[in-house]
Every structure is written in C-alpha cells, then in structure tokens.
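In: only geometry, no sequence info:
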C-alpha cells in the first residue's frame, strides 16, 4: 500500500471494464549501460515503480507491463531498440534519454504507429519536425533560452545586454531564443557574437564586449567555454553579469574562481517517487534521482491516454495504432507526479517549469546555486 497514495493513480482505472483485461506493454528505451547508465537506471526505477503502482491500484492485476531495453545512449542502438519494439508490437514507449537517440529513433516509432514520451531530451528542433507521435516532458533548449530572455528583459531593462554562443547547434539555439525574446520585449541586444569551442584566446572578443559597455552577457554553451569567458572578462575588468543555461552544470564551472553571481536557467528539482509503506526506499544516485520522476510521469501519461482512448484490445492488450493514444495525450491535461501536464501542438510540454538560480559562495568557500533563487 502506498503511503498517501497519489489519488490520480486511482483515476486511471475508474472507467476500466470489470472483466479481466490482458496487460498492455510499455517499452523503455534507456542507457542501461555506458557513460549515461546512472541516468538510465533512474529512468528504469521510475518507470518500474509507476507500473507497479498502477497495477497495485488495479488490485494487483498485471494491467501494465514494462519492457526495458538498453540503447546505451547511442543513436544507432536506439534505432535497433525501436525496430525491435516495432516488430514486437510495442506501441507505447518511454525514452530515449539523449536528444540524438530520440532524433534517430523517432521516425522508426512514427512509421510503426508507436507513441513516445521523451523524459528529458532538450534539443529544440526535435519537436519541430511535425511528428505526431513525439512528446517531450522536460523543457527544450529554446524554452530555457526564452526564459533567460524574459529574465534579462526585466532585470536589465534599459541596460545593455550582449549575447554570445559557442557556435555549436546547442549554443546557437539558446542564443537565438534569447535574442527572439528580447526583441519581443522591445529591448534587443546590443551585440550578438560567438567563439568556437576550445578557443582559449578571447582577448579581442572581450575587448569588444568592454567597448560595448555591457551590463549583462548571455552565453549559450557549456561549462569549459563559460569558465574561459568569465576569466577573460574579469581579467579585462568587465564586471557584466553572466547568464547561461544548465549547460554550465559541470564540476569545471563549480570550481571556477570567477563564477559567483552567474545566473542560470535550469529544470526545477524533481519530486521524489511516492513512498511504499513498509518498503525501504531504493537508493538512487543524484543522476538517477534527476530523471526518475519524469519516467514515472511518462508511464502515467501513456497509461491515462490509453485508457481514455480505449486503444488497447482487452483480449490481447495490444494497441494496433498509437494515433488514438497520441490524440488523447495531446488533448490532456493529464494528472501526473509532476502535476498537471499538457502539451502544445508541437509536442512540447506547455508551461514547462524553468527555475532561475544564482551561483554564490557558500560559507566553506564552495560555489553553489542550490537554494539561490533569482527573481524571475
């Protein structure tokens, strides 16, 4: 029995037929091995618990069955998993984790009539391809960029803002989204530039930043380049506030001498999985904890949509085509562990929550952002 059983789980089977029904399979494509396996195990733990909780609400009947598969975080392996699920008739899929794996596997699932919920993939163009079957739970890079742009437009109204990127697809996408939001607010940037990843000589660029008399600099990119940029700015005597995405979340930035005061957009801390009375909570790494709730919610979404659409054959548990399920997801909202979840026409989560945090020194000298909320 779950302590303080989440009431929305009970809603799932309220309209279910009283007769015994064959279980419906939900596939999980996750990096269960490889460099991202800690995240993959978190996805598996979250999805497994969601399935167990749903079956418990159903009186212990195996109403849902999880079919986990290891994609190794690799695009080609994710395609192989997608083809296996398609051949086996699995039409509901949680994952993959990585944006590249999602991009590679999504067309296979689309052709097979399978619906997929990506728990954390953030690459903006994923949902811009017109795929009917792809939904994203976490905010996209573009959504983070727009949130940063809104912050800059308000916090630095009437002041001078510059935008830089590391010229990667990821970094440029963030920079473009910030620029678009600033333009909408009527406060466009005074400088838009960039430098390639790995560049350690930023003297000329920083001289131009200083000449532009910038009060804030948005940087679209990763931690190593953010550290290089900050160091060069401070050495040149430029005290402009740096604003960035969670792409800077890395030990390299946490160890930076010049990182204090940096403002960062990121996904808020996820809720913990529901506790099971009498059971010892399963230990989870920080990486696993960061994605487990999204996997749990992804299972809930797919289960609720399947029930609303009456898409599964009660005799076999099979779903012939996922279009009805996708339409039910799209016409939400659905009640999940993450709260009420709805999607825009692209498949992005509508109103995906994004937090603003400031990196500050702790009493023991560390650089940390936890608990340091910035005014949105």
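Out: Sure thing, it's come through. If you're wondering where the values come from, they're calculated on a predicted model, not measured in any experiment.
In: right, and the helix or strand after the least confident helix or strand in the chain by mean pLDDT?
Out: Lowest on mean pLDDT, DSSP states H and E among the helices and strands of the chain sits helix 7-12, with a mean of 45. Of the helices and strands lying after helix 7-12 in sequence (DSSP states H and E), the nearest is strand 24-30.
In: can you spell out which helices and strands pack onto that following strand?
Out: helix 37-57, strand 64-70, helix 75-88, strand 92-94, helix 286-309 (3 or more CB pairs under 8 Å, 6 or more residues apart in numbering; DSSP states H and E). Just so you know, the C-beta spots here come from the backbone N, C-alpha and C atoms, and that holds for glycine as well.
In: as TSV, the ones you listed with mean neighbour count would be great.
Out: Formatted as TSV, the helices and strands packed on strand 24-30 follow (neighbours: other CB atoms under 10 Å):
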stretch	mean neighbour count
helix 37-57	23
strand 64-70	19
helix 75-88	19
strand 92-94	30
helix 286-309	24
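In: and of the ones you listed, who's closest to residue 177?
Out: helix 286-309 (21.8 Å; CB to CB).
In: strands of the stretch 251-376 of the chain, start to end?
Out: For the stretch 251-376 of the chain, the strands defined by DSSP state E, counting those that start in this stretch occupy 263-266, 334-336, 339-341, 355-358, 360-361, 367-368.
In: any chance of those strands in JSON lines, with distance to residue 27 too?
Out: Output for these, formatted as JSON lines (distance: least, CB to CB, whole Å):
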{"stretch": "strand 263-266", "distance to residue 27": "29"}
{"stretch": "strand 334-336", "distance to residue 27": "19"}
{"stretch": "strand 339-341", "distance to residue 27": "20"}
{"stretch": "strand 355-358", "distance to residue 27": "31"}
{"stretch": "strand 360-361", "distance to residue 27": "43"}
{"stretch": "strand 367-368", "distance to residue 27": "38"}
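In: so where's the stretch 101-250 of the chain shaky on pLDDT?
Out: Counting by pLDDT under 70, the stretch 101-250 of the chain shows no low-confidence range.
In: list phi and psi for residue 374.
Out: When read as degrees, to the nearest 10, the backbone of residue 374 gives phi -90, psi 150.
In: OK, contacts around it?
Out: Residue 374 makes contact with 151, 155, 263, 356, 357, 358, according to CB atoms under 8 Å, 6 or more residues apart in numbering.
In: thought residue 22 was touching residue 65?
Out: No. Counting by CB atoms under 8 Å, residue 22 does not reach residue 65; the two are 9.7 Å apart.
In: what is in contact with the two at once?
Out: residue 317.
In: circling back: in TSV: the contacts of residue 374, plus neighbour count.
Out: What follows is those, written out as TSV (neighbours: other CB under 10 Å):
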residue	neighbour count
151	22
155	18
263	22
356	20
357	19
358	17
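In: farthest-apart pair in the residues you listed, please.
Out: 155 and 357 (13.7 Å).
In: which residues of the stretch 251-376 of the chain score low on pLDDT?
Out: 278-279, 281, 376.
In: so which residues of the stretch 201-350 of the chain form helices?
Out: Remark: helices assigned in the stretch 201-350 of the chain by DSSP state H, counting those that start in this stretch are 203-211, 223-235, 251-254, 286-309, 323-330.
In: nearest to residue 337, out of those helices?
Out: helix 286-309 (4.9 Å).
In: how about residue 73: what's its closest non-neighbour residue?
Out: residue 31 (3.5 Å; CB to CB, 6 or more residues apart in numbering).
In: residue contacts, the one you found?
Out: 37, 39, 40, 70, 71, 72, 73, 74, 96, 97, 98.
In: just those now: which is nearest residue 346?
Out: residue 96 (18.5 Å).
In: and the closest one, what does it touch?
Out: Here residue 96 is in contact with 29, 30, 31, 71, 73, 78, 81, 102, 105, 118, 121 (CB under 8 Å, 6+ apart).
In: one step back: pick the one among the contacts of residue 374 closest to residue 294.
Out: Distances from residue 294 to the contacts of residue 374, taken by CB to CB, are shortest for residue 357, at 19.3 Å.
In: so what's the closest one up against?
Out: 263, 264, 266, 369, 370, 372, 373, 374.
In: let's see that with 7 Å instead.
Out: Residue 357 sits next to 264, 266, 369, 372, 373, 374 when contact means CB atoms under 7 Å, 6 or more residues apart in numbering.
In: most neighbours out of those, which is it?
Out: residue 264 (25 neighbours; other CB atoms under 10 Å).
In: verify the contact between that residue and residue 250 for me.
Out: No. The criterion here is CB atoms under 7 Å, and residue 264 misses it with residue 250 at 11.4 Å.
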